[in-house]
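*Asks:* fold the following.
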Amino acid sequence: MMIRIGILMFVTSLSAAAETPADGAKPLRAAASPNKRFMLRIQPGRVRGDRVVRPRAVLSQRGEKNGRTRKMWRGKLANDVAPMHVMIRNDGRFVVTLDEHQRGGAAHALVIYDQRGRILRQFDLRELLSGDDWKHVKIRRRAVEWLPGAKFMFAEKRPEFVIQLIWGREIRIDLENPGRTGPAESGEEKSVKEDDRIPPEILALLEARAAVADEDARTPTSAPVDAAALEMFQQIAAVFGLDLDLAEAAVGARADSELEQASRTDGGGMRDFSIADYGGAADYAVPLPDPANPVDYVGWVLEQTEIVGEGAGPLYEAAFAQYQEFEGDQAILEDAMSGDPAALASPEIASWLAMHENALELFHAAPQLEYRGMLTVGEDRSVVGLLLPNLSQARRLARLSLVQAKRLEDGGEFGAAMDNYANTLAVGAQMSQGPTIIENLVGAAIQRETAFGMLDSFAADEDGSIDYAQAAERLERDYRPLRPMAEVLAGEPACCFDILQRVYEPDPTTGQYRVSDEGVKWLSRIFDEGMDGGENPAADAEFRAKLEAASFESMVTEANRYYGEVFDAYNMPFQEARRALSAAEERISTPEYQEQYPLFAGLLPALSRANHAAADARATRNAARLVAHLKAYRRQNGVYPESLDVFGDSDMIVDPFTGGPFVYRTAADDFTLYSLGGNGVDDGGTHRRRGYEGDVRYWPPPRDE
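*Replies:* Modelled structure (predicted):
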């Protein structure tokens, strides 16, 4: 390691000035490299009594030519909650974090991660500062402040990280060799002398943190860990995005651990599940199932929904509780949703909207707060028994909001109507943040229906009352994308693994896993899969025999194979994904497959439609923004542009179904805009609103096709 403290001499444009966050500031959630090509997104951790749930992070890279992003690594950060500052080198090779949320340099003063998300080195503040530096360090509440006014950056020509302190000192860290080096006098004796120069109140905070870290390091595990095996697992985990907390379990020396002999067989016994089998091509960090020591998958899934601070959940719950169905003529409601003036002015619609004024206010305010779903635990505490939020109420309130927007437009309040659309689109994006695919699909449906409602409003604006430049600006700012399907997928294998570890149990006489009587009964109650609730012993016995023929390890391996295929497909361009998903679904639907893996006949979902819905939502989002920009362009220039090239490489011109631009044609004083849809074939703009073939037309908005 090289740390050099000297006079301030370094000048570069790739620097960040450190500001002191306000008291109670929210944890850092995202940071970008100076060239904007790399983005680190952070899910903050939580401290619960003596337990620390560490923050998770994903580093993504955006392509220079096509603007698409790909995941570089995903893993846990060293922090307790979140770092206060993050710097990413322009090539993504190093990520450096500074300080701890609300604790400053008292914890995790500087941490270096490599291009795979591995920690290269953590620095205590006492390893970075010395001598007269300490007289410049302050304490505010429980935070040790040493960076206010400082600048930090990556050196342009050398693999170094540089901190320029406000009092004129400079710290340089060699990123390629951050390990401990130096003469013996830099050890304990020097540390004691340095400690004498640190103000007592600062030293107390540093010592308190050091004691916590030391205690964590001394916490006994169930068995000693093979250091070489642990390092190998960490490398595999970094490549495949696995949970690094599984490292010790994967290489532990427990005789009864299924993962202990990950690459061995026991002379004719069951082959323990290999970590390599688990990794495959997948990139989700779902813990391995273990019937002997069951994983709390419900807790794992619920952890994905937890947030720090105030959340949107209570607002949604209050809005849902106030919703009441429309009791008038349903034809009037349908007409109102399509913008019919007579229906919108009817007493029934006016009364219905007035009744829900507070509910809509809560509904529209919710996206201003954080939300990651609000699942609740069912009676049997299984993943399949988790209770979803009232998603039907969310869709009903979104339709109510659409009627409200139409009524505002009819009254000439176009700005308020656009605000209404934008708020409802934000609700759709937020609904997609939950950890299940169904929540993502509901969010997509809300966004799609609202976007088409807004496009209908654009079409009805014959006298030019809408400020399209303002509408375009609002959409760019607030029309947020849905959570990527690849992130939501993790809930599916968690459910599958939870079921598998309930159906099998360890056989104490053989050490193998066998079908569990209680597991079969539970499965019968939940799914009635091939069984008759005990009323048909022959059917029960036949199904049990099929389960016994399918070993636990083969079921887990096959589940990972399928979900790995789906995950890979979700990260492909749509047409490639369509073919890959069709092949995977065709494979699992054959009689031979369902005979070999009896549980999977009804357990592995067909996920191609979900991928289609996600692409459809992205296309609608892009198109709605694009139409607003086209309208604004015409208002400014008097004509529509001849091609979409005027918008450069903006992602709003991209049709996610093809990866190329939308079909755009001008004629007279209007234009046509459509996507090629799921089949990727130009069908001349023939709109298929619900189907998987044909095109999806955005302008002119489709009516009765």
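
*Asks:* only C-alpha atoms for contact and neighbour calcs from this point on.
*Replies:* Fine.

*Asks:* end-to-end on stretch 77-92?
*Replies:* 16 Å (Cα to Cα, to the nearest Å).

*Asks:* same question for stretch 597-608.
*Replies:* Stretch 597-608 has an end-to-end distance of 21 Å (Cα to Cα).

*Asks:* what does the pLDDT read for residue 233?
*Replies:* Here, the pLDDT recorded for residue 233 equals 39.

*Asks:* try residue 201
*Replies:* We have a pLDDT of 85 for residue 201.

*Asks:* how many residues are close by it?
*Replies:* When neighbours are counted by other Cα atoms under 10 Å, residue 201 registers 12.

*Asks:* mind checking which helix or strand of this structure has the lowest mean pLDDT?
*Replies:* helix 275-279 (a mean of 32; mean pLDDT, DSSP states H and E).

*Asks:* which ones are touching residue 664?
*Replies:* By Cα atoms under 8 Å, 6 or more residues apart in numbering, the contact list for residue 664 reads 643-644, 671-674.

*Asks:* same thing but at 6 Å, please
*Replies:* Contacts for residue 664 (Cα atoms under 6 Å, 6 or more residues apart in numbering) come out as 672-673.

*Asks:* give me the three-state assignment for it.
*Replies:* Assigned with DSSP: H, G, I helix; E, B strand; the rest coil, residue 664 falls in the strand class.

*Asks:* that one bridge partners, please.
*Replies:* For residue 664, the beta-bridge partners under DSSP bridges are residue 673.

*Asks:* next, work out how far apart it and residue 141 are.
*Replies:* Distance of residue 664 to residue 141, given as Cα to Cα: 58 Å.

*Asks:* now residue 597
*Replies:* 58 Å.

*Asks:* higher neighbour count, those two?
*Replies:* More neighbours surround residue 597 than the other of residue 597 and residue 141, with 20 against 9 (other Cα under 10 Å).

*Asks:* can you read off the pLDDT for that one?
*Replies:* Confidence at residue 597, expressed as pLDDT, is 87.

*Asks:* what's the closest non-adjacent residue to it?
*Replies:* Spatially, and ignoring its direct neighbours in sequence, residue 597 is nearest to residue 550 (6.3 Å; Cα to Cα, 6 or more residues apart in numbering).

*Asks:* my read: residue 468 touches residue 632, true?
*Replies:* Yes - between residue 468 and residue 632 there is a contact under Cα atoms under 6 Å: 4.8 Å.

*Asks:* tell me, how many residues neighbour residue 310?
*Replies:* Residue 310 - counted by other Cα under 10 Å - has 10 other residues nearby.

*Asks:* quick check, residue 30 in contact with residue 38.
*Replies:* No - counting by Cα under 6 Å, residue 30 stays clear of residue 38, with 10.6 Å between them.

*Asks:* which of the two has more neighbours?
*Replies:* Counted by other Cα under 10 Å, residue 30 and residue 38 do not tie: residue 38 has more neighbours, with 24 against 15.

*Asks:* beta partners for the more buried one?
*Replies:* residue 61.

*Asks:* just use 22 as the starting number from now, easier for me
*Replies:* I'll keep to 22 as the first residue from here, and by that count the last item is residue 59.

*Asks:* need the contact list for it.
*Replies:* Contacts of residue 59 by Cα under 6 Å, 6+ apart are 53, 81-82.

*Asks:* one more time with 8 Å
*Replies:* Residue 59 is in contact with 53, 80-83, 109, 111-113, counting by Cα under 8 Å, 6+ apart.

*Asks:* again with residue 413
*Replies:* Neighbours of residue 413 in contact, by Cα under 8 Å, 6+ apart: none.

*Asks:* apply 10 Å and report the result again.
*Replies:* By Cα atoms under 10 Å, 6 or more residues apart in numbering, the contact set of residue 413 is 341, 419, 463.

*Asks:* and if you look at residue 78?
*Replies:* Neighbouring residues of residue 78 by Cα under 10 Å, 6+ apart: 50-51, 61-65, 94-98, 103, 138.

*Asks:* thinking again about what came up before, what sits in contact with each of residue 51 and residue 59?
*Replies:* Here residue 51 and residue 59 have residue 80 as joint contacts, going by Cα under 10 Å, 6+ apart.

*Asks:* just for this structure, where's the confidence low?
*Replies:* Scanning the chain for pLDDT under 70 picks out 22-46, 68-73, 85-90, 200-216, 230-306, 548-558, 560-561, 622-623, 709-713, 724-726.

*Asks:* give me the domain ranges for it.
*Replies:* Domains of the chain are assigned by automatic domain parsing as 24-239, 318-506, 511-627, 636-726.

*Asks:* end-to-end on the third one?
*Replies:* In terms of Cα to Cα, the two terminal residues of domain 511-627 are separated by 15 Å.

*Asks:* do the second one as well
*Replies:* Between the opening and closing residues of domain 318-506 lies a distance of 20 Å (Cα to Cα).

*Asks:* any idea which helix or strand comes after the least confident helix or strand of the chain?
*Replies:* Once helix 296-300 ends, the next helix or strand along the chain (criterion: DSSP states H and E) is helix 318-324.

*Asks:* I'd like to know which of the domains of the chain lies nearest to residue 309.
*Replies:* Among the domains of the chain, the nearest to residue 309 by Cα to Cα is domain 511-627 (7.4 Å).

*Asks:* between the contacts of residue 413, which is closest to residue 221?
*Replies:* Closest approach to residue 221 among these (Cα to Cα): residue 341, at 53.6 Å.

*Asks:* for that closest one, which non-adjacent residue is spatially closest?
*Replies:* Using Cα to Cα, 6+ apart, the closest residue to residue 341 is residue 414 (5.7 Å).

*Asks:* can you tell me the SS state at the one you found?
*Replies:* When classified by three-state DSSP, residue 414 comes out as helix.

*Asks:* over to residue 456. Which of the three states is it?
*Replies:* Applying three-state DSSP: residue 456 is coil.

*Asks:* in contact with it, which residues?
*Replies:* By Cα under 10 Å, 6+ apart, the neighbours of residue 456 are 322-326, 393-396, 504, 506, 508-513.

*Asks:* cool, and residue 356?
*Replies:* Taking Cα under 10 Å, 6+ apart, we find residue 356 in contact with 362-365, 424.

*Asks:* what do you get if the cut-off is 8 Å, keeping everything else the same?
*Replies:* 364-365.

*Asks:* any idea whether it is helix, strand or coil?
*Replies:* helix.

*Asks:* what about the contacts of residue 456, which are in strands?
*Replies:* Using DSSP state E, no member of the contacts of residue 456 falls within strands.

*Asks:* can you turn the buried part of those into a PyMOL selection?
*Replies:* Here is the PyMOL command that selects the buried residues among the contacts of residue 456 (16 or more other Cα atoms under 10 Å):
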select buried, resi 322+323+325+393+394+395+396+504+506+508+509+510+511+512+513
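
*Asks:* which non-adjacent residue is nearest residue 424?
*Replies:* residue 358 (5.1 Å).

*Asks:* that neighbour and residue 420, how far apart?
*Replies:* Relative to residue 420, residue 358 is positioned 8 Å away (Cα to Cα).

*Asks:* now residue 587
*Replies:* Counting by Cα to Cα, the gap from residue 587 to residue 420 is 32 Å.

*Asks:* okay, the two: which has more neighbours?
*Replies:* More crowded of residue 587 and residue 420, by other Cα under 10 Å: residue 587, with 26 against 19.

*Asks:* ok, the more buried one - contacts?
*Replies:* By Cα under 8 Å, 6+ apart, residue 587 lies in contact with 601-602, 605, 628.

*Asks:* for residue 696, list the residues it contacts.
*Replies:* Counting by Cα under 8 Å, 6+ apart, residue 696 has contacts 640, 676, 678, 683-684, 706, 716-719.

*Asks:* how does it look with 7 Å?
*Replies:* Contacts of residue 696 were listed using Cα atoms under 7 Å, 6 or more residues apart in numbering, and they are 676, 683-684, 716-718.
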